[in-house]
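A.B. asks: got a sequence here, can you model it:
(one chain, ligands or ions: 1)
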Amino acid sequence: MLNTEKLLSQFNPVTGEMPGAPMVKRHLSDLRGCFADTAAFEKAAAAGNPLLYSVGAVEPASGAGDLHYGVGLLMPGKIGDEYYMTKGHLHSWREAAEFYIGLTGEGVMLLEDEATGESRMMPLRPNGVVYVPGHTAHRTMNVGDKPLTYIGVYPAKAGHDYTTIAKKNFRCVVVERDNQPTMIERK
Ligand SMILES: [Fe+2]
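C.D. replies: You can find the predicted model right below:
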């Protein structure tokens, strides 16, 4: 069933707000287990529970050929030398690809092929598009000092599998080295 009220959305590219779109908010405590430096995580969690990111989703229809999209806002910050990040996920329908369009701020995406574990770090910047192939786990990090906003577009039937990542995490982490985002193997 097509929801014609969702044929047009207006979003704020700075705040990521999109009136009328249901918004999921993730705070630091929701990211337990994601950061490699658990001591730094616990220290930060003891000091507060800031908002790390939000995603507002638009789902006009859910037929076989339909698309959904979301506008993400990811705050700047670090836990130890790891940048604030999203939980990351695979799509439940593994074949589903996605593309991300950078709006504001400076981010990177970590892509990991599920079968081979091959990892790539891609910049996510204004006027840049990152294509995430199917069968690829993806996580976003804010590597700048301002909020990062972006749009993700994906098949309506993609679904989100967070469980696989929660169990084994990504093979690599993105840390700051010499003021640059650097992808290294998780210890
Ligand atoms: Fe996705």
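A.B. asks: pLDDT-wise, which helix or strand of this protein ranks last?
C.D. replies: In the chain, no helix or strand scores lower on mean pLDDT, DSSP states H and E than helix 163-168, which sits at a mean of 93.
A.B. asks: tell me which strands and helices it is in contact with?
C.D. replies: Where contact means 3 or more Cβ pairs under 8 Å, 6 or more residues apart in numbering; DSSP states H and E, helix 163-168 is packed against strand 136-142. C-beta coordinates here come from the backbone N, C-alpha and C atoms, glycine included.
A.B. asks: tell me the helix or strand right after the strand it packs on.
C.D. replies: Next along the chain after strand 136-142, taking DSSP states H and E as the criterion, comes strand 148-155.
A.B. asks: can you tell me the element residue 157 falls in?
C.D. replies: Counting by DSSP H and E, residue 157 is found in no helix or strand.
A.B. asks: what sits against residue 84?
C.D. replies: Residues near residue 84 by Cβ atoms under 8 Å, 6 or more residues apart in numbering: 52-53, 74-78, 141-142.
A.B. asks: next, give me the two most distant ones among those residues.
C.D. replies: 53 and 78 (14.1 Å; Cβ to Cβ).
A.B. asks: list the buried ones in the longest helix along the chain?
C.D. replies: Taking DSSP state H as the assignment, the helix of the chain that covers the most residues is helix 38-47. For helix 38-47, burial by neighbour count (16 or more other Cβ atoms under 10 Å) applies to 41, 44-45.
A.B. asks: show the average pLDDT along it.
C.D. replies: In this model, helix 38-47 carries a mean pLDDT of 98.
A.B. asks: elements contacting it?
C.D. replies: Helix 38-47 packs on strand 78-79, going by 3+ Cβ pairs under 8 Å, 6+ apart.
A.B. asks: who does the strand it packs on pair up with?
C.D. replies: strand 82-83 (antiparallel) (DSSP bridges).
A.B. asks: what distance separates the strand it pairs with from the centre of its chain?
C.D. replies: Mean C-alpha position of strand 82-83 versus that of the full chain (Cα atoms, centre = their mean, to the nearest Å) differs by 13 Å.
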